[in-house]
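> From the sequence below, what's the structure:
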Amino acid sequence: MESIINLISEHREMLYFVILSVFVGIEVIGGVPTVLHTPLMSGANAIHGVVIVGAIYVMLNIDPSNVFALVLGFLAVLLGTLNVVGGFVVTDRMLEMFKKK
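So this is what the prediction gives:
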């Protein structure tokens, strides 16, 4: 238990940043009207592609013994990839609706 408390106290700023990012993301996405959600998701694919590349770059340049940073980097890559793939799937389904039969 002490090791967890020490880990949190050492990476307090990083933890604050992640928590703040979650709340800002919820507020921004929650304010988007339903009509604009799919085009917004298509545009977010490009942004999350940059997030994935940035997370990989950061993971390559950190100390391998820093497990907390590695886990956060892995989660950033994983969740960014899921968002990009999901966005492309939704965009593809949306474009299928407009094709002539």
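
> If you count neighbours, what's buried in the longest helix along the chain?
Counting residues, the longest helix found in the chain (DSSP state H) is helix 67-97. By neighbour count on 16 or more other CB atoms under 10 Å, the buried set for helix 67-97 is 69, 72-73, 76-77, 80, 83-84, 87, 91. From N, CA and C alone the C-beta is placed, and that goes for glycine too.

> any idea how the chain splits into domains?
What automatic domain parsing lists as the domains of the chain is 1-31, 34-101.

> averaging pLDDT over each of the ones you listed, which comes out lowest?
Confidence, taken as mean pLDDT, is least for domain 34-101 of the domains of the chain (a mean of 80).

> in this structure, which residue is closest to the centre?
Against the mean C-alpha coordinate of the chain, by CA atoms, centre = their mean, the closest residue is residue 80 at 4.2 Å.

> Tell me which residues touch it, please.
Taking CB atoms under 8 Å, 6 or more residues apart in numbering as the contact definition, residue 80 lies against 48-49, 51-52, 55.

> go on, residue 62?
Contact analysis of residue 62 by CB under 8 Å, 6+ apart lists 69-70, 73.

> One more pass at 10 Å, please.
Residue 62 sits next to 68-70, 72-73 when contact means CB atoms under 10 Å, 6 or more residues apart in numbering.

> sorry, back to before: could you pick out the buried ones from the contacts of residue 80?
48, 51-52, 55.

> of those, closest to residue 9?
Among those, residue 55 lies closest to residue 9 (CB to CB), at 23.9 Å.
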